[in-house]
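> no FASTA, just this:
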């Protein structure tokens, strides 16, 4: 059997294959309420029918002021649980495991209300300048992640991912480009990691399932975090019991990036080897052969598929055909599967 279609387990949660639907914002909530809509049900369930092993929801805000847009999914109140629970029931009925990405946009929130960040620095000239977070703001945000994790458990998710990439709030604390604080949450890399450390510890008090963290492994700026810094963060996460690091890049500051197939793999592979922690590879991964090369050469443990799954909900079937692998069909689709 190919490695792509070999099961893998994280804390008693077994994925039937290594294919993950990468978290991708859909900006499709109605009435600014952060609730699941019929679109979300169709969008996510179709990928589970298509045989993705893990379906990860888009960035889901733990606070209303932490949304990227007014149309983002939310988990900041109990009223969000029922819709997410119903979604999970549908996904599980199709044989997929489910994950939720808990998020706070920080200074990249595009909202009409006040926004918050570690330091009062706008993302670019057209962006709103955030208010610098007080200690109370920081503690309230950590509590919101904890509450979001507890709600995620009630909604039936199998895996939680903390969004620490793409220049959103947790990434803003980690990066010297965006964190200019002079208290215990800024300055040295140990201090810049403190917010993430406390997020992880808070989530773990209410969640004993698999915990992933997405990070930006390259900030594309000479004054940003170095690879040595990134490895330090990864090693700390491993010590805190994080099960996998989802290795993306960029988004911290405006940057010109020229992506190519697998352009984020080198650092993903380095983190896996140097920090001895499971990793997820993401970024222009589009073919079965490409994923098999990544997994067979132990460059990552999971492959997160984004745009390719937007184009084709049945991408796992296309990958299986390419690899001459037999992939069981959903019972309802058996007539058209071969």
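It's in. On a predicted model such as this, the values are computed, not experimentally measured, just so you know.

> all strands for the stretch 51-200 of the chain, in order.
Here the stretch 51-200 of the chain has its strands, by DSSP state E, counting those that start in this stretch, at 54-61, 97-103, 116-117, 131-132, 159-164.

> export these as a markdown table, with columns for distance to residue 259.
In short, each C-beta sits where N, CA and C put it, glycine included. Compiled in a markdown table, these are given as follows (distance: least, CB to CB, whole Å):
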| stretch | distance to residue 259 |
| --- | --- |
| strand 54-61 | 20 |
| strand 97-103 | 21 |
| strand 116-117 | 26 |
| strand 131-132 | 33 |
| strand 159-164 | 20 |
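
> list the buried residues for stretch 280-295?
Buried residues in stretch 280-295, counted by 16 or more other CB atoms under 10 Å: 280, 281, 282, 283, 285, 286, 288, 290, 291, 292, 294, 295.

> helices along the protein, start to end?
Secondary structure of the chain (DSSP state H): helices located at 38-49, 81-93, 135-155, 169-174, 189-192, 194-204, 227-239, 265-275, 288-296, 307-311, 315-322, 334-337.

> where among the ones you listed is average confidence lowest?
Ranked by mean pLDDT, these bottom out at helix 334-337, with a mean of 90.

> who touches that one?
Contact with helix 334-337 is made by 317, 327, 329, as judged by CB atoms under 8 Å, 6 or more residues apart in numbering.

> the closest residue to residue 66 other than its chain neighbours: neighbouring residues, count only.
Nearest residue to residue 66, sequence neighbours excluded (CB to CB, 6 or more residues apart in numbering): residue 104, at 3.4 Å. Per other CB atoms under 10 Å, the neighbour tally for residue 104 reads 28.

> nearest to residue 261, of the strands of the stretch 51-200 of the chain?
Among the strands of the stretch 51-200 of the chain, strand 54-61 comes nearest to residue 261, with 21.3 Å by CB to CB.

> tilt between the closest one and helix 38-49?
150 degrees (axes from the mean of the first three to the mean of the last three CA atoms, to 10 degrees).

> about what we covered before: out of the contacts of helix 334-337, which end up buried?
With neighbours counted by 16+ other CB under 10 Å, the contacts of helix 334-337 contain buried members at 317, 327.
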